[in-house]
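**Q** okay, sequence plus prediction incoming.
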Amino acid sequence: MDWSRPAEEVHRLICGTDPQPGAWTTVGGKKLNLYGSRMREGSGAAGEILELSDAGMAVAAGEASVWVQRVRAHDSRAKVAAAEYAEQAGLRPGSRLG
């Protein structure tokens, strides 16, 4: 995932590849598939996590941000809530994807 691309383009890529194979980015050099997206206001450095909640995580992309609801880690077959994964992986607002 190129988080520097316009948020609308990132959103469409995530939606267009859901449910399979899923758009993907990296966390710590490992693949992370992304599912369930919607556009949001807010900006930051490309790939920066802006917000985490039970509903998902906001990630900066282009001039806005994208809300990601579910993810699948490289070593898992199951999709989980993005916030659940973030907690397990030690991600917080300010962490960077990609």
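**A** Received, thanks.

**Q** ok, residue 67 touching residue 40?
**A** Yes. Look at residue 67 against residue 40 with C-beta atoms under 8 Å: they come within range, at 4.9 Å. No exception for glycine: its C-beta is placed from N, CA and C like everyone else's.

**Q** biggest helix in the chain by residues?
**A** Looking across the chain with DSSP state H, the single longest helix is helix 7-16.

**Q** report the inter-axis angle for the helix or strand just after it versus helix 7-16.
**A** With elements assigned by DSSP states H and E, the helix or strand that comes after helix 7-16 is strand 23-27. Inter-element angle recorded for strand 23-27 and helix 7-16: 110 degrees (by axes from the mean of the first three to the mean of the last three C-alpha atoms, to 10 degrees).

**Q** in strand 23-27, what's buried?
**A** By 16 or more other C-beta atoms under 10 Å, the buried positions in strand 23-27 come out as 23, 24, 25, 27.

**Q** can you check stretch 53-71 too?
**A** Buried, per 16+ other C-beta under 10 Å, within stretch 53-71: 56-62, 64-71.
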